[in-house]
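*Asks:* prediction below, plus the sequence it came from.
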Amino acid sequence: MIATREEIADIAQNLHLSDKKIVFTNGCFDLIHRGHIEYLKLAKECGDILIVGLNSDDSVRRLKGVDRPINYEQDRAVVLDNLKSVDYVCIFDEDTPYELISIIKPDVLVKGGDWAIDDIVGSDIVLDRGGEVKSLQFVEGKSTTDIIEKIKNL
């Protein structure tokens, strides 16, 4: 389900009341590839419900440049929402998902790559509540940037 910020606040509250373990991750998820699929599958395995915070188009442009994203936020949200491992998608417009994490209060916060736990945005919120913060490895050589570069060099 693609949820607004208000909807995801209610959903998260109800999931907490139902003792469901909420996992949160975020990203741009522009051109979905194998690395995304494997990462989201691993993230889902960390709990019962996976909520993905999706950077808005404006947020992606500020972070990655004026040529990004390739796909619009609503298109990216629909693709994510139809993946088996993803339960909810919520678009956020800030540069970081900190405010969204403070609303959802996930039990597990997951980020991909070589992030140190203390450097993961929102780790303070999750750790203060007794939750877990995990840094999952990406699949080497699988990234949206790599795909875009490959296409440019055709």
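*Replies:* Nice, thanks for sending it over.
*Asks:* please make it C-alpha for all contacts and neighbour counts, starting now.
*Replies:* OK.
*Asks:* what's the weakest-modelled helix or strand in this structure?
*Replies:* Ranked by mean pLDDT, DSSP states H and E, the weakest helix or strand in the chain is helix 144-152, scoring a mean of 80.
*Asks:* which residues touch that one?
*Replies:* 29-33 (C-alpha atoms under 8 Å, 6 or more residues apart in numbering).
*Asks:* likewise for stretch 128-137?
*Replies:* Against stretch 128-137 from outside (C-alpha under 8 Å, 6+ apart): 39, 42-43, 106-117, 123, 126-127.
*Asks:* distance between it and the chain's centre?
*Replies:* 14 Å (C-alpha atoms, centre = their mean, to the nearest Å).
*Asks:* endpoint to endpoint, it covers what distance?
*Replies:* Terminal residues of stretch 128-137 lie 24 Å apart, using C-alpha to C-alpha, to the nearest Å.
*Asks:* show me the strands in this protein, by range?
*Replies:* For the chain, strands defined by DSSP state E occupy the ranges 22-27, 49-55, 88-92, 108-112, 132-136.
*Asks:* what's the spacing between residue 32 and residue 134?
*Replies:* 22 Å.
*Asks:* check residue 140 too.
*Replies:* In terms of C-alpha to C-alpha, residue 140 sits 18 Å off from residue 134.
*Asks:* so for those two, which sits in the more crowded spot?
*Replies:* residue 134 (18 against 8; other C-alpha atoms under 10 Å).
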